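Q: Everything below, folded, please.
(one chain, ligands or ions: 1)
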Amino acid sequence: MSAPTSASSAVQIAAGVRSGQLKAADVLEEHLARIDNREGEIHAFNLVLADQARAAAAAVDAAVAAGNDPGPLAGVPVALKDNMCTHGIATTCSSKILDGWKPPYDATVVTRLIAAGAVTVGKTNLDEFAMGSSTENSAFGATRNPRDTSRVPGGSSGGSAAAVAAGFSSVSLGSDTGGSIRQPAALCGVVGVKPTYGYVSRYGLVAFASSLDQIGPFTNTVEDAALLLDVIGGHDPMDSTSIPAPQPSLLGAIQQGVEGLRVGRITDLPEGADPDVVERLEAAFDALRAAGATIVDVQVPAFSYGLTAYYLIAPAEASSNLARYDGVRYGMRVNAPDTNSMYGVTRTAGFGDEVKRRIMLGTYALSAGYYDAYYGKALKVRRMIADDFDRAYQRADVLLTPTSPTVAFPFGAKGDNPFAMYLCDVYTIPTNLAGHPGMSVPFGTGAEGLPVGVQVLSGTLGEPQMFRTAAALERAMGAAK
Ligand code: GLN
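A: Now for the predicted structure:
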């Protein structure tokens with residue numbers, strides 16, 4: 001029996017376990033050993049579930065021994081961002097305010113992963129309530145980038161990105177409201193996908209901005225991301241915004257190549273990407289051209305308004321969603337003489353600075369007299385962005401941009417300047433506003449030898465062509481090695 005190596009993909013692990021050539025228990029122990037080795041340094045997890053994972057792996061092996069098929073993710077170690085509900089297991093959103101809370105149910109994605117034979121190894125660290133781009137906003141301390149531990153892993157799903165990059169889990173799930181899967185994927189050198197809004201159920205995802213939030217995978221390969229989305233995607237009656245139509249298999253799509261595909265270059269993209277990042281983007285256009293795609297110029301004029309509109313819409317929704325943390329229904333309570341002051345002191349003690357900033361921004365944007373000027377205006381800009389993208393997608397099947405304007409930055413580099421932090425997502429946010437899919441694919445290295453990600457975007461339910469493009473980029477990188 002051949003032991004898995006750190007290079008084993010989820011596809012390979014599942015195939016090995018299903019055929020009986022690999023033991024889920026051995027695969028798990030290898031990942032747990034890496035956690036033992038390096039988690040003290042990286043801090044990818046809020047909680048490691050070693051005992052529970054051992055029991056799950058044993059059950060997978062027992063199923064195989066009994067002649068049953070555990071499913072397409074048989075024995076694949078997976079890590080979950082700690083804003084996804086796990087039945088009876090602490091779910092913190094890296095916030096003190098949820099201290100002691102254990103969800104009474106599993107998120108739909110968790111149910112689907114388990115049903116497919118995956119083994120949950122732990123809950124990963126994030127910026128508190130998924131607000132941030134560096135995982136420095138966690139109430140439990142920052143996560144370090146496994147590629148360079150003096151630097152951030154990106155955020156907000158930094159723990160999930162780091163878990164895959166460090167080999168703590170084969171794959172992981174994150175959530176992306178404005179870039180929180182794609183940006184950390186780019187900074188940690190892994191694949192990260194934000195699907196079309198409604199592609200993956202949000203049932204059991206703790207809400208940040210409900211009209212923008214989507215769950216998606218972090219993986220080492222494009223094929224693994226396709227496998228994961230095939231498992232977790234699809235209609236869920238528990239989420240009224242989930243798309244009520246069957247989705248084509250992405251594993252099938254990635255075999256197709258990019259011959260004849262129209263790849264768009266956005267000529268009016270906001271400037272500000274570092275030269276090393278731009279250089280990799282140009283190399284990506286060249287690689288796709290060489291693989292048979294046609295490069296076309298398109299314009300998305302409202303793209304550059306994305307950041308501004310997002311920082312009205314997302315905080316507005318957050319201020320409403322986070323009102324439920326009142327010291328009564330969930331988690332921590334700080335006692336006070338009367339109910340109103342109890343709300344005040346609980347929320348003051350329970351939320352960190354960035355969360356408070358968003359609640360204040362959002363409450364202001366929604367307040368009487370300002371609603372039309374701020375929130376209402378932002379909604380109009382959101383429509384313009386979606387319309388501009390739709391026009392671009394009449395001429396191009398996919399668009400290519402940088403994922404992040406920079407490679408991973410050192411701790412503290414943007415800590416005292418919220419606006420500098422917000423700019424990390426200038427290329428990812430417009431897609432969330434439009435509801436479209438986007439993914440980041442590692443495409444070589446930039447400054448200091450750090451990973452650079454290229455972002456592939458497509459229109460609503462354009463996942464098949466987005467994955468075809470990503471797979472072609474991955475092949476080109478493999479060929480260049
Ligand atoms: N960094 C962005 C923010 O702070 C996006 C976060 C996310 O996608 N969850 O809001």
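Q: where's the closest residue to Asn125 other than its chain neighbours, which helix or strand?
A: Once flanking residues are discounted, Asn125 sits nearest to Gly159: 3.4 Å by Cβ to Cβ, 6 or more residues apart in numbering. Quick note: C-beta positions are derived from backbone N, CA and C, even for glycine. Using DSSP states H and E, Gly159 falls within helix 158-165.
Q: you'd agree Thr120 is in a helix?
A: No: assigned with DSSP: H, G, I helix; E, B strand; the rest coil, Thr120 falls outside any helix and is strand.
Q: What distance do you get for it to the ligand?
A: 21 Å (Cβ to the nearest ligand atom, to the nearest Å).
Q: now Pro77
A: Pro77 is 24 Å from the ligand, by Cβ to the nearest ligand atom.
Q: Over to Tyr370?
A: 20 Å.
Q: what sits against the residue in the stretch 301-450 of the chain that the ligand sits nearest to?
A: Across the stretch 301-450 of the chain, no residue is closer to the ligand than Asp425, which sits at 4.7 Å (Cβ to the nearest ligand atom). Asp425 sits next to Ser133, Gly178, Gly179, Gln183, Leu307, Tyr310 when contact means Cβ atoms under 8 Å, 6 or more residues apart in numbering.
Q: any idea how far the most centrally placed residue in the chain lies from the ligand?
A: Most central in the chain under Cα atoms, centre = their mean is Ile181, positioned 2.3 Å from the mean C-alpha point. Distance, Ile181 to the ligand, by Cβ to the nearest ligand atom: 7 Å.
Q: ok, that residue to Val355 distance?
A: 20 Å (Cβ to Cβ, to the nearest Å).
Q: ok, now Leu173?
A: 22 Å.
Q: who's in contact with Pro70?
A: Val17, Arg18, Ala24, Val60, Ala63, Val64, Ala116, Gly117.
Q: Same check on Asp297?
A: Per Cβ under 8 Å, 6+ apart, neighbours of Asp297: Gly264, Arg265, Thr267.
Q: make it 6 Å
A: By Cβ atoms under 6 Å, 6 or more residues apart in numbering, Asp297 lies in contact with Arg265, Thr267.
Q: same check, this time on Val11
A: So Val11 contacts Glu223, Asp224, Leu227 (Cβ under 6 Å, 6+ apart).
Q: for the residue with the largest distance to the centre of the chain, what are its contacts?
A: Here the chain reaches farthest from its C-alpha mean at Pro337, the gap being 41.6 Å by Cα atoms, centre = their mean. Residues in contact with Pro337 (Cβ under 6 Å, 6+ apart): none are found.
Q: Just say helix, strand or coil for it.
A: Pro337 - assigned by three-state DSSP - is coil.
Q: Tell me the predicted confidence for it.
A: Pro337 carries a pLDDT value of 97.
Q: Quickly note the distance from it to Ala302.
A: Distance from Pro337 to Ala302, by Cβ to Cβ: 50 Å.
Q: related to what we said a few turns ago, after the helix holding Gly159, which helix or strand is next? Please name it.
A: Assignment by DSSP H and E places the next element after helix 158-165 at strand 171-176.
Q: Look at Asp127 and say how many residues are nearby.
A: 31 (other Cβ atoms under 10 Å).
Q: in the stretch 251-400 of the chain, which spans are strands?
A: 262-266, 294-298, 398-402 (DSSP state E, counting those that start in this stretch).
Q: which residues touch the last one?
A: So that's strand 398-402. 263-264, 266, 273, 277, 281, 284, 427, 455-458, 465-466, 469.
Q: May I see the buried residues of it?
A: Across strand 398-402, burial judged by 16 or more other Cβ atoms under 10 Å covers Val398, Leu399, Leu400, Thr401, Pro402.
Q: same deal with stretch 258-272?
A: Val258, Leu261, Arg262, Val263, Gly264, Arg265, Ile266, Leu269, Pro270.
Q: so what's the first one up against?
A: Taking Cβ under 6 Å, 6+ apart, we find Val258 in contact with Leu288, Ala291, Gly292, Ala293, Arg468, Thr469, Ala472.
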